[in-house]
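Visitor: Sequence and predicted structure below; questions after.
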Amino acid sequence: MKSGVTLWIERGATLFAISDPTLYDKGLGSCGRIDRKGDGCRPFISFSKTRGGGVMGEGSIDGQGGAVMNGTKETWWQLARRAQSEGGNQNAPRLIQIDHAQDIGFHGITLRNAANFHVAMNRVEGATFWGVTIDAPADARNTDGIDPGASEDVTITHSSIRTGDDNVAIKAGNNGPSRHISIVNNYFGWGHGMSIGSEVDSGVSDILVRDLALDGTTWGLRIKSDVSRGGPVERVSYENVCLRGNRWPIYFDTRYDGRARGDKIPVYRQIALRHVRGGDGALVMRGLDQEHALKILLDDVRFSDRATWQVENADVTASGVLPPLQGAAGAPASGSWVGCIKAFR
């Protein structure tokens, strides 16, 4: 894609990605295969060093991740599962990659069945996703919905996302920080939830998640990292969040890979949850150690009496919390909230 150019797909029209690894190969013959790196494919659609433009319309783009690859007997998704079992990395094309770009817009479009991530961003300044639908099977590995990486001034709103991996994952590896990101008025179906991490080396800050329904996601609100890829995650606000059918509705963990080694300490602070509702499941808040304890505010956070808190190395200030959280410091409650009645479809 070029600067200022918008791809418009009309209602009823679908743009299909051909399932031929040779068309995406970067020249080493690795696309469609398994190796140690997993970066041998070009994306289906690429924005690189562009300004303006985007993808719009009421049509769809289908990555055909479930189609058999030309010259093989397996699909892109089967390749990903085999890579997992063999301890390697699949080489599969992302549906849309946005690199070193500014002021990109997506509106109304449906993205389906990516072979790998649906939308991945790297060093993006200014992106808006409005009324976007992303849909992939729950067992389609590594089919993340939208991943802002090393990006800022990103808005995801009025969108519906269900995938086989993270619905949204905010990342900040050694390529730069992610900050000033708003995820507002969205519905997430199956997937791995609203995630930050696991790469946060360069820092994640000033994140707003408001009016979000997490319906059947395995994880709900999730921050994940470890000492091999950790860094500061701060000033993150979750407000008016409704959860249903989640195994881990809250999961703030600093030991994502228990075998990780390194000195990149994950530090989560100024993390606030206000007006959050959910059912049962494990509510996990686990800091690395007491010196790097999580700093969490819980205000009007209510789950069923079958939910269980698992808290370790966390300094929590709580008010209006159910089930009650032992050992948490008290604070004035801001009042109850009943906004989940119409959250689920």
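Guide: Alright, I've got the coordinates. Just so you know, these numbers come straight off a predicted model, no measurement behind them.
Visitor: Just the terminal-to-terminal distance for stretch 287-300.
Guide: 22 Å (C-alpha to C-alpha, to the nearest Å).
Visitor: quick one: average pLDDT of that stretch?
Guide: For stretch 287-300, the mean per-residue pLDDT is 97.
Visitor: Can you list the buried residues in it?
Guide: Using 16 or more other C-beta atoms under 10 Å as the test for burial, stretch 287-300 gives G287, L288, H292, A293, L294, K295, I296, L297, L298, D299, D300. Yep, even glycine has a C-beta here, placed from its N, CA and C like the rest.
Visitor: Can you tell me the closest non-neighbouring residue to the second one?
Guide: If you skip the residues right next to it in sequence, L288 has T254 as its closest partner in space, 4.3 Å away by C-beta to C-beta, 6 or more residues apart in numbering.
Visitor: contacting residues for the one you found?
Guide: S225, D226, V227, G230, P266, Y268, R286, G287, L288, H292, L294 (C-beta atoms under 8 Å, 6 or more residues apart in numbering).
Visitor: try 10 Å
Guide: Each residue near T254 by C-beta atoms under 10 Å, 6 or more residues apart in numbering is listed here: 197, 223-227, 230, 233, 260, 265-268, 285-289, 292-294, 312-314.
Visitor: before we move on, back to that, pipe the buried residues of stretch 287-300 into TSV and attach distance to V5 and secondary structure per row.
Guide: Conversion of the buried residues of stretch 287-300 to TSV gives the following (distance: C-beta to C-beta, whole Å; DSSP: H, G, I helix; E, B strand; the rest coil):
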residue	distance to V5	secondary structure
G287	46	coil
L288	46	coil
H292	46	helix
A293	49	coil
L294	44	strand
K295	44	strand
I296	44	strand
L297	44	strand
L298	46	strand
D299	45	strand
D300	46	strand
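Visitor: any idea which of the residues you listed is closest to R277?
Guide: Nearest to R277 among the buried residues of stretch 287-300, counting by C-beta to C-beta, is D300 at 8.9 Å.
Visitor: do you know how far that closest one is from V276?
Guide: 7 Å (C-beta to C-beta, to the nearest Å).
Visitor: what's the answer for G40, then?
Guide: 41 Å.
Visitor: One more: P266?
Guide: Using C-beta to C-beta, we find P266 at a distance of 22 Å from V276.
Visitor: residues shared between the contacts of D300 and V276?
Guide: Common neighbours of D300 and V276 are listed as E239, N240, V321, W337 (criterion: C-beta under 10 Å, 6+ apart).
Visitor: got the contact list for V154?
Guide: Contact analysis of V154 by C-beta under 10 Å, 6+ apart lists 104, 121, 124-129, 146, 148, 168, 170, 178-183, 207.
Visitor: Which ones among those map onto strands?
Guide: Using DSSP state E, the subset of those located in strands is 104, 121, 125-129, 146, 148, 168, 170, 178-183, 207.
Visitor: Please indicate which of the residues you listed are buried?
Guide: Among those, those scoring as buried are 104, 121, 126-129, 146, 148, 168, 170, 178-183, 207 (criterion: 16+ other C-beta under 10 Å).
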